[in-house]
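In: please work out how this folds:
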Amino acid sequence: MSHTKNLFARRSRRTRTQIRRKAIGRVRLSVFRSSEHIYAQIIDDAKGTTVAAASSVDKDLKARLKTGANIEAAKEVGKLVAERAVKAGVKEVVFDRGGYLFHGRVKALAEGAREGGLSF
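Out: Numbers count the residues shown, from 1 in each chain. Below is the predicted model of the structure:
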């Protein structure tokens, strides 16, 4: 594994450890960002299940978006995952940015999720 991947894995592990300590029964909103798309899923770690998920690859979003790799797409994905989570009965989450900085697309996804009705 390259040095960059090792550093990313360490940041992800560190972030996830802190989240598990502070979650206190809440589910987590996990983000994955690739060069072309962004993905978000709400995970219940106690049960080991995914409660809701959304991405820029979803058919209804892909038709509206020019690309899945910009801030507007991330905001729409955040709103969609929040809408699906509220429908599933989840309002309180813990935001898991993984190894990514809370900046740009990751921040836009978080803002979209807050606008959609999630609180964290």
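In: from now on I want contacts and neighbour counts done on CA atoms only, so please keep to that.
Out: Noted.
In: hey, where'd the helices end up in the chain?
Out: 3-23, 59-64, 71-87, 105-115 (DSSP state H).
In: who touches the first one?
Out: With CA atoms under 8 Å, 6 or more residues apart in numbering as the contact definition, helix 3-23 has outside contacts at 94-100.
In: grab the nearest non-local neighbour of the residue positioned nearest the centre of the chain.
Out: Residue closest to the mean C-alpha point of the chain, counted by CA atoms, centre = their mean, is residue 31 at 3.0 Å. Setting aside the residues directly before and after it, residue 31 is nearest to residue 40 in space (CA to CA, 6 or more residues apart in numbering), at 4.6 Å.
In: contacts only, for the one you found.
Out: Residue 40 neighbours (CA under 8 Å, 6+ apart): 29-32, 53-55, 77-78, 81.
In: can we see that at 7 Å?
Out: Counting by CA atoms under 7 Å, 6 or more residues apart in numbering, residue 40 makes contact with 29-32, 53-55, 81.
In: same deal with residue 49?
Out: Residues near residue 49 by CA under 7 Å, 6+ apart: residue 43.
In: residue 52: neighbour count?
Out: Close neighbours of residue 52, defined as other CA atoms under 10 Å, add up to 21.
In: what is it paired to in the beta sheet?
Out: On the basis of DSSP bridges, residue 52 is bridged to residue 42.
In: surely it meets residue 30?
Out: No: between residue 52 and residue 30 there is no contact under CA atoms under 7 Å: 10.6 Å.
In: what touches both of those two?
Out: Contact with both residue 52 and residue 30 is made by residues 41-42, according to CA under 7 Å, 6+ apart.
In: low-confidence stretches in this protein?
Out: Confidence mapping of the chain against pLDDT under 70 gives the ranges 1.
In: and the residue lying closest to residue 36 once chain neighbours are set aside, its phi and psi?
Out: With CA to CA, 6+ apart as the criterion, residue 36 has its nearest non-adjacent residue at 4.8 Å, and that residue is residue 69. Backbone geometry at residue 69, expressed as degrees, to the nearest 10, gives phi -110, psi 30.
In: tell me how far stretch 20-33 lies from the chain's centre.
Out: 9 Å (CA atoms, centre = their mean, to the nearest Å).
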